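Chemist: sequence and predicted structure are below.
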Amino acid sequence: MEQHKIIFTGPVGAGKTTAINAISDIPTVRTDATATDMTAGRKRVTTVALDFGVMNLGPDERIHLYGTPGQERFDFMWEILSKGAIGLVLLLDNTRADPSADLRFFVQAFRGFIDRTELAVGVTRMDLSPKPRIADYHSAIRGVGLKPPVFAVDARESRDVGLLIQALLYSLDPGLVAADE
Ligand SMILES: Nc1nc2c(ncn2[C@@H]2O[C@H](COP(=O)(O)OP(=O)(O)OP(=O)(O)O)[C@@H](O)[C@H]2O)c(=O)[nH]1
Ligand SMILES: [Mg+2]
């Protein structure tokens, strides 16, 4: 059995917990706690340690999905969770005040990891706020020297989350996805 590990990160409310829950083939492990600080203005619960789910790629290949907390005060978990992972899914919430700043912040925070592995970016809540557009994200991320796939996704939709993971796997190893199809 081959096992790979992928990390989901991004700001509070981007949909990390929702996405892992939507795609996981097992009941997910969550560490949601009642939000007490400024996060409470945006949502009722927030991840304080990690999310965990598993996606079966084939009979003997699995992906372990780990979600980080979005809140910066739990950023010590980011490095712990990233150990041994093969790629990063960055989810951004298009309704936040400055999603491009969120993009730059998380790319900076995970830069060492991204340079060793691969990145795929998913933009959620575009149904609620159509701007910035995907093209704006492409230029923002080219500005920091990266060229990852960027998709509009609804974190509640397993198909959307699945496409994002496939794009990440494809960047890592085109054979990995092709072999499964
Ligand atoms: N309308 C809309 N809602 C979405 C979309 N994607 C996710 N959501 C909702 O946005 C919320 C995301 O919440 P979480 O999954 O807890 O976010 P998180 O990234 O885990 O947040 P923290 O753990 O606090 O960092 C959920 O209520 C989802 O149902 C989308 O594309 N459109
Ligand atoms: Mg969460």
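Modeler: Everything's here; your move. Everything numeric here is computed off the predicted structure, so don't read it as measured data. Ligands and ions are numbered 1, 2, ... in the order given.
Chemist: how about the CA coordinates for stretch 21-28, as CSV?
Modeler: C-alpha atoms of stretch 21-28 as CSV (Å, rounded to 0.1, in the frame of the first residue of the first chain):
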residue,chain,number,x,y,z
ASN,A,21,-14.8,16.2,4.7
ALA,A,22,-16.3,16.4,1.2
ILE,A,23,-13.6,14.2,-0.4
SER,A,24,-12.6,11.8,2.4
ASP,A,25,-13.5,8.1,2.0
ILE,A,26,-13.5,7.7,5.8
PRO,A,27,-15.3,9.8,8.5
THR,A,28,-12.9,12.7,9.0
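Chemist: which one is Thr31 nearest to, not counting chain neighbours?
Modeler: Of all residues not flanking Thr31 in the chain, Ala49 sits nearest, at 4.0 Å (C-beta to C-beta, 6 or more residues apart in numbering). (Each C-beta comes from the backbone N, C-alpha and C, glycine too.)
Chemist: repeat that for Ala109.
Modeler: Per C-beta to C-beta, 6+ apart, closest to Ala109 is Trp78, 6.5 Å.
Chemist: count the neighbours of the one you found for me.
Modeler: The tally of other residues near Trp78 (other C-beta atoms under 10 Å) stands at 17.
Chemist: please list all residues in contact with it.
Modeler: Applying C-beta atoms under 8 Å, 6 or more residues apart in numbering to Trp78 gives the contacts 9, 68, 109-110.
Chemist: repeat that for 10 Å
Modeler: 7, 9, 68-69, 72, 106, 109-110, 113 (C-beta atoms under 10 Å, 6 or more residues apart in numbering).
Chemist: can I get the residues you listed in TSV with secondary structure?
Modeler: Output for the contacts of Trp78, formatted as TSV (DSSP: H, G, I helix; E, B strand; the rest coil):
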residue	secondary structure
Ile7	strand
Thr9	strand
Thr68	coil
Pro69	coil
Glu72	helix
Phe106	helix
Ala109	helix
Phe110	coil
Phe113	helix
